[in-house]
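J.: Sequence first, predicted coordinates after that:
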Amino acid sequence: MGASDFKINTGVRRVLTKHWINMKKLKYSSIGGIVYMRGLIEIMYNAPIRGSEWQGITAEHIGDLERAIKKIPDVKRVNFQLLHWEKSGDGWSKKARKR
């Protein structure tokens, strides 16, 4: 892991913290400027809630996270392997539940 990957990881942590993401359930790393994110995206239970009704994580939240991470200097690409979400085209959608 190069020095820029350490800086990228610091930037990713900053973005996740700013968005109140529970980092115990989401693992991330950076190799050669490619950010890998695996696990569950979940808002921390004590996050300040905006509005009277909270809907949990939305496709918009994940898109915001992706854009913020891509803005970190030296990030070439972000590779997501999320439990309940998948990228379809330019947007995000919930994975169909297996029965």
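T.: Received it, and whenever you're ready, just let me know what you need.
J.: For Ala59, which residues are in contact?
T.: 85, 91-94 (C-beta atoms under 8 Å, 6 or more residues apart in numbering). Yep, even glycine has a C-beta here, placed from its N, CA and C like the rest.
J.: Pass me the low-pLDDT residue ranges in this structure, would you?
T.: Along the chain, the parts satisfying pLDDT under 70 run over 1, 45-55, 98-99.
J.: Which residue lies nearest the spatial centre of it?
T.: Leu65 (5.1 Å; C-alpha atoms, centre = their mean).
J.: what residues are up against the residue nearest to it when sequence neighbours are not counted?
T.: In space, and not counting its chain neighbours, Leu65 is closest to His19: 5.8 Å by C-beta to C-beta, 6 or more residues apart in numbering. Contacts of His19 were listed using C-beta under 8 Å, 6+ apart, and they are 43, 61, 64-65, 68.
J.: can you give me how far the helix or strand containing Ile62 is from the chain middle?
T.: Ile62 is part of helix 59-70, with elements assigned from DSSP states H and E. Put simply, helix 59-70 sits 7 Å off its chain's centre (C-alpha atoms, centre = their mean, to the nearest Å).
J.: buried set for the longest helix anywhere in the chain?
T.: When the chain is parsed with DSSP state H, its longest helix is helix 3-18. Residues of helix 3-18 classed as buried by neighbour count (16 or more other C-beta atoms under 10 Å): 5, 8-9, 11-12, 15-16.
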